[in-house]
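Student: The following comprises the amino acid sequence and a computationally predicted model.
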Amino acid sequence: MNIFATLKSRIDAAIGELVAEGALPEGLDLSRVSAEPPRETSHGDVATNAAMVLAKPTGKNPKELATLFAARFKKMPDVTDVSVAGPGFINIKLDDRIWRDGLRDVLVEGTAYGDGQAGQGEKINVEYVSANPTGPMHVGHARGAVVGDALARLLAKAGFAVTKEYYINDAGGQVDNVARALRMRYLQTLGKITEVDVQGALERKEIQYGGDYLIPVAEALAARDADKWASVEDEAVWIPALRDFTVAYMMKLVKEDLLALGVHHDVFSSEKALVEAGKVDGALVFLESEGLTYTGVLEPPKGKTPDDWEPRPQLLFKATEFGDEVDRPVKKSNGTWTYFAGDIAYHKDKVDRGFTNLVNVWGADHGGYVKRVQAALKALSNGKGKLDVQLCQMVRVLNNGEPVKMSKRAGTFVTMRDLIEEVGKDVVRFIMLTRKNDAPLDFDYAKVMEKSRENPVFYVQYAHARGRSVFRHAAEMFPTADLSDGGLAKADFARLVDPDEIGVLRTLANWPRTIEGAAFAHEPHRLAFYMYELASQFHGLWNKGNDAAELRFLQPADQSVSVARLALVRGVGLVIASGLTVFGVEPVEEMR
RNA sequence: GACCCCGUAGCUCAGCUGGAUAGAGCACUCGCCUUCUAAGCGAGAUGUCGCAGGUUCGACUCCUGCCGGGGUCGCCA
């Protein structure tokens, strides 16, 4: 149970009593009343702003109200002292027993500790990665993959019913372009043209994709179909065939990369399938029936006008009615659907599948696209759908401060695979979550492998490993003791008296709040900072034992205190493990 | 020109969806250390929270306007 939530409900109840007694007016809104840990621990264990928030609605001055509340709060269970401070804060001191009881909760609930019901089982759809099946994934995709995956796990932990989804852009111009590039590589594989021809076509912009990664795809095609496509000149015939071949091949690579990163999606939605099922037409018919589309001519883009710009009528969606700057085209002037039209259909499909709460994780270069999709979602869902787009900023890959040279295989970027092979999936995942996703991130190979306090992955993992190490020693020292979680839960927690031990217990008690806050804000990185803080406190305790032997966790002559401290160590380990699990990172048992 | 994101200690960044004297790590200064696993520990010092207004009991947090950095800007995905 969350201590702060408990206190909040007791505070609400106490205020309710005062209302019932006529000391306060009825109908007070208590939603803004908080019960939080004060920043300064010397202020107490829990602080509430009740008096300040309710001063105006009750027509009393905050100090006076605080005094009234304080007298009442003193009668609440486990409260040892209540004081009024500053402009009207009420500081509540609790019996240390509260924190010790909190530790028991951790041990009993295990890694499920902190699981919330905040989401109340609400369906939520998290779409992430959605990389085009046109080439290998790069570091930017890795960031999006990790952020999306961690966010999805976090939301699940907070009690949402999460669907993790990937949108495959397997229709439209880009996949046709990749098919064209594949044909060149295919002809090269067959010996009909040379590398020079391919590079020439690239320079003349006849093809857009020049990376070596298409060569094995071409070889696979030649292995399957021999020279069957060399003599087919009709684009309408060979493009679909080569396109589907590439898309299938690339999606296989994408899934292998995601597997290597430990990322798993529940649903892969195909743009092509939406088109073929008539869902793009369907979505547009729907918007038309709502009077939300029309044929019009857009203003030329501001700033530098493209050379070939000319006014042309096209089918537009009335995005401006839903907060966008301009109405957006859903059909190109040649009559085919725009990418946006497909996305409208895709989001309608999500709505039709029962999702009104959507999160999309995109690269920051798609920032200009957010408003129109949000507008479309509102139009498609009768205003009920809400879409939060988390934009991931650039990742700079460095080694000792020097930019890492680009992968030859891909051409112009560091691939996700390079990254994983260099430092391992767990390090990639953790480091990607040590920054807000809307802040740029430097990923330095040397720094993330460093074994020091500066490196959060190491520091947190080391805390976990140290905890496990203590247990290995304990098993030898106290062979008859029950060191299972259930056994530890029966320890005599009254033996935990050191202020720093209580400090760790307080931090553990904050875990459920942290989960809830991070889930609500869609900010998984908060857990990284929490874990770092907890690890720091734990290492601090350990170090105290170095200086003062009586403070070591294991006291050979005193099994009772040892077991109590082991319970604390285990509690820290469990919370770190559950945090790492949200991150998709394996907690390590030892660091040899 | 418009829109989005960012601007917090010398550096890299937190700041719990408005709360009390704005916090960590690094670097710096001083002291300690060979261990329940070594990849250190403790203490000290460091700020016009980009600037200017506004909202309120209270603003790093919300609003407006500037300044600076990045991103994006018809029929590309």
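Tutor: On my side now, so go ahead.
Student: Can you name the residue of chain A nearest to RNA strand B?
Tutor: A:Lys332 (2.0 Å; Cβ to the nearest atom of the strand). No exception for glycine: its C-beta is placed from N, CA and C like everyone else's.
Student: roughly how far apart are the closest residue in space to that residue that isn't next to it in sequence and A:Gly367?
Tutor: Leaving aside its chain neighbours, A:Lys332 sits nearest to A:Thr338 (5.8 Å; criterion: Cβ to Cβ, 6 or more residues apart in numbering). Applying Cβ to Cβ, to the nearest Å, the value for A:Thr338 to A:Gly367 is 18 Å.
Student: Show me where the stretch 51-200 of chain A has its strands.
Tutor: Secondary structure of the stretch 51-200 of chain A (DSSP state E, counting those that start in this stretch): strands at A:79-85, A:89-94, A:123-127, A:161-168.
Student: Need the winner for burial among those strands.
Tutor: Per residue and on average, the most neighbours among the strands of the stretch 51-200 of chain A fall to strand A:123-127, with a mean of 23 (mean count of other Cβ atoms under 10 Å).
Student: Extract the CA atoms of stretch A:428-438 and return them as PDB.
Tutor: The C-alpha trace of stretch A:428-438 is given here as PDB (Å, rounded to 0.1, in the frame of the first residue of the first chain):
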ATOM      1  CA  VAL A 428      21.800   0.600 -24.700                       C
ATOM      2  CA  ARG A 429      18.400   0.400 -23.100                       C
ATOM      3  CA  PHE A 430      19.400   2.000 -19.800                       C
ATOM      4  CA  ILE A 431      21.400   4.800 -21.300                       C
ATOM      5  CA  MET A 432      18.600   5.700 -23.700                       C
ATOM      6  CA  LEU A 433      16.300   6.200 -20.700                       C
ATOM      7  CA  THR A 434      18.600   8.500 -18.700                       C
ATOM      8  CA  ARG A 435      17.400  11.600 -20.500                       C
ATOM      9  CA  LYS A 436      14.000  13.100 -21.200                       C
ATOM     10  CA  ASN A 437      13.200  12.000 -24.700                       C
ATOM     11  CA  ASP A 438      12.800  15.600 -25.900                       C
END
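Student: buried residues in it?
Tutor: Under the neighbour-count criterion of 16 or more other Cβ atoms under 10 Å, stretch A:428-438 has A:428-437 buried.
Student: Centroid-nearest residue for chain A?
Tutor: Most central in chain A under Cα atoms, centre = their mean is A:Leu151, positioned 2.5 Å from the mean C-alpha point.
Student: Please verify my assumption that it contacts A:Arg526.
Tutor: No - counting by Cβ atoms under 8 Å, A:Leu151 sits too far from A:Arg526 to count as a contact (11.2 Å).
Student: Over the helix or strand that contains A:Ala273, what's the mean pLDDT, rounded is fine.
Tutor: Assigned by DSSP states H and E, A:Ala273 belongs to helix A:271-276. Regarding helix A:271-276, the rounded mean pLDDT is 95.
Student: So what's the gap between that helix and the chain middle?
Tutor: Centroid displacement of helix A:271-276 relative to its chain, using Cα atoms, centre = their mean, to the nearest Å, is 28 Å.
Student: coming back round to it: so which of A:Thr338 and A:Gly367 has more stuff around it?
Tutor: For A:Thr338 versus A:Gly367, neighbours defined as other Cβ atoms under 10 Å are more numerous around A:Thr338 (17 against 13).
Student: what residues are up against the more buried one?
Tutor: Going by Cβ atoms under 8 Å, 6 or more residues apart in numbering, A:Thr338 touches A:329-332.
Student: ok, which stretches of the stretch 301-450 of chain A are helices?
Tutor: Listed in chain order, the helices of the stretch 301-450 of chain A (DSSP state H, counting those that start in this stretch) span A:339-352, A:370-380, A:416-423, A:425-432, A:445-449.
Student: Can you tell me which helices and strands the fourth one packs against?
Tutor: The one in question is helix A:425-432. helix A:139-157, strand A:441-444, helix A:445-449, helix A:456-477, helix A:559-583 (3 or more Cβ pairs under 8 Å, 6 or more residues apart in numbering; DSSP states H and E).
Student: Can you lay out the ones you listed as TSV showing distance to A:Gln199?
Tutor: Output for the helices and strands packed on helix A:425-432, formatted as TSV (distance: least, Cβ to Cβ, whole Å):
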stretch	distance to A:Gln199
helix A:139-157	26
strand A:441-444	31
helix A:445-449	31
helix A:456-477	41
helix A:559-583	43
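Student: which of the ones you listed sits most buried?
Tutor: Of all the helices and strands packed on helix A:425-432, helix A:139-157 has the most neighbours on average by mean count of other Cβ under 10 Å, namely a mean of 26.
Student: Which positions in the stretch 401-550 of chain A make contact with RNA strand B?
Tutor: Counting by Cβ under 7 Å from any atom of the strand, the stretch 401-550 of chain A comes close to RNA strand B at A:435-436, A:438-442, A:451-454, A:458, A:462, A:465-466, A:468-470, A:472-473, A:510, A:513-514, A:517, A:520-521, A:523, A:525-526, A:529, A:532, A:536, A:539-543, A:545-547.
Student: related to what we said a few turns ago, got CSV for the contacts of A:Thr338, with distance to A:Ile344 and pLDDT too?
Tutor: Shown next, in CSV, are these (distance: Cβ to Cβ, whole Å; pLDDT from 0 to 100):
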residue, distance to A:Ile344, pLDDT
A:Pro329, 11, 94
A:Val330, 7, 94
A:Lys331, 11, 92
A:Lys332, 14, 89
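Student: Please identify which pair of those residues lies farthest apart.
Tutor: A:Val330 and A:Lys332 (9.1 Å; Cβ to Cβ).
Student: can you list residues touching both of those two?
Tutor: A:314, A:338.
Student: neighbour count winner among these two?
Tutor: More crowded of A:Val330 and A:Lys332, by other Cβ under 10 Å: A:Val330, with 25 against 15.
Student: Can you give me the separation between the nearest residue to the more buried one once chain neighbours are set aside and A:Ala577?
Tutor: Distance criterion Cβ to Cβ, 6+ apart; nearest residue to A:Val330, sequence neighbours excluded, is A:Ala341 at 4.2 Å. Distance check for A:Ala341 against A:Ala577: by Cβ to Cβ, it reads 46 Å.
Student: for A:Tyr459, same thing?
Tutor: 15 Å.
Student: can you check A:Ala494 too?
Tutor: Separation of A:Ala494 from A:Ala577 (Cβ to Cβ): 26 Å.
Student: A:Arg185 too?
Tutor: Taking Cβ to Cβ as the measure, A:Arg185 falls 47 Å from A:Ala577.
Student: List the contacts of the lowest-mean-pLDDT helix or strand in chain A.
Tutor: The helix or strand of chain A with the lowest confidence, counting by mean pLDDT, DSSP states H and E, is strand A:402-403 at a mean of 84. Contact with strand A:402-403 is made by A:396-397, as judged by Cβ under 8 Å, 6+ apart.
Student: what's the answer for stretch A:215-223, then?
Tutor: Outside stretch A:215-223, the residues that reach it (Cβ under 8 Å, 6+ apart) are A:182, A:185-186, A:188-190, A:229, A:242, A:245-246, A:249-250.
Student: so who does the closest residue to A:Asp101 other than its chain neighbours touch?
Tutor: Leaving out its chain neighbours, the residue that sits closest to A:Asp101 by Cβ to Cβ, 6+ apart is A:Phe493, at 7.7 Å. By Cβ under 8 Å, 6+ apart, the residues touching A:Phe493 are A:100-101, A:103-104, A:564, A:567.
Student: got a markdown table for these, with pLDDT and distance to A:Asp352 too?
Tutor: Formatted as a markdown table, the contacts of A:Phe493 follow (pLDDT from 0 to 100; distance: Cβ to Cβ, whole Å):
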| residue | pLDDT | distance to A:Asp352 |
| --- | --- | --- |
| A:Arg100 | 93 | 51 |
| A:Asp101 | 93 | 47 |
| A:Leu103 | 94 | 47 |
| A:Arg104 | 95 | 46 |
| A:Ala564 | 94 | 55 |
| A:Ala567 | 95 | 50 |
